[in-house]
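Engineer: Fold the following and give me the result.
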Amino acid sequence: MQGKFPEMEHEIWEKAYAKRDFAPESLEALAKGIGLDMGKYKADKDGACKQKITKDQAEVSAVGTSGTPAFYINGRFLSGARPIDQFKALVDEELKKANDRISKGEATAANYYDTFVFKKGLKKLEGM
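Structural biologist: Residues are numbered from 1 along each chain as shown. Sure, this is the predicted structure:
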């Protein structure tokens, strides 16, 4: 929120993640170390940032995502760590669908995703 996301992300990966130390005081020390305004940091952490995470969690939960890793390939859900062959098969299926619709004139390469994945895709699991 203070324009230093890349710096903070780097510090988290290099220092917090390496030690598995995500204690609030440790993260605050990293934030202070890169020159963040600590008053704003604490207010954002407990306000706008917390609200964004809650909203994002609700959105992914509505379509069935409950953990990581989770992948969506043209809206099709693939959960967990998977072999590359499973990704390739799913990408090939989706590419075939797109190419078929494009060749029939139902879509263009520029509007396929927006028309057939985003607008017509599932927004919420049935029964939720």
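Engineer: quick one: buried residues of stretch 89-101?
Structural biologist: 90, 94, 98 (16 or more other CB atoms under 10 Å). Just so you know, the C-beta spots here come from the backbone N, C-alpha and C atoms, and that holds for glycine as well.
Engineer: At which residues are the strands of the protein located?
Structural biologist: For the chain, the strands defined by DSSP state E occupy 70-73, 76-79.
Engineer: Flag every buried residue along the first one.
Structural biologist: Put plainly, it is strand 70-73. residue 71.
Engineer: Could you tell me the per-residue confidence at the residue lying farthest from the centre of the chain?
Structural biologist: In the chain, counting by CA atoms, centre = their mean, residue 104 sits farthest out from the average C-alpha position, at 32.4 Å. For residue 104, the pLDDT comes out at 97.
Engineer: Return the distance of stretch 73-90 from the chain's centre.
Structural biologist: Centroid separation for stretch 73-90 versus its chain: 15 Å, with CA atoms, centre = their mean, to the nearest Å.
Engineer: mind listing what's buried in it?
Structural biologist: Buried residues in stretch 73-90 (16+ other CB under 10 Å): 74, 90.
Engineer: Give the rounded mean pLDDT of that stretch.
Structural biologist: 90.
Engineer: Who are the packing partners of the lowest-mean-pLDDT helix or strand in the chain?
Structural biologist: The least trusted helix or strand in the chain, going by mean pLDDT, DSSP states H and E, turns out to be strand 76-79, with a mean of 85. Secondary structure elements in contact with strand 76-79, counted by 3 or more CB pairs under 8 Å, 6 or more residues apart in numbering; DSSP states H and E, are strand 70-73, helix 84-103.
Engineer: measure residue 106 to residue 68 for me?
Structural biologist: Using CB to CB, to the nearest Å, we find residue 106 at a distance of 34 Å from residue 68.
Engineer: now swap in residue 4 and tell me
Structural biologist: Counting by CB to CB - residue 4 and residue 68 are separated by 25 Å.
Engineer: Mind checking which of those two has more residues around it?
Structural biologist: A direct count of neighbours by other CB atoms under 10 Å for residue 4 and residue 68 places residue 4 higher, at 15 against 10.
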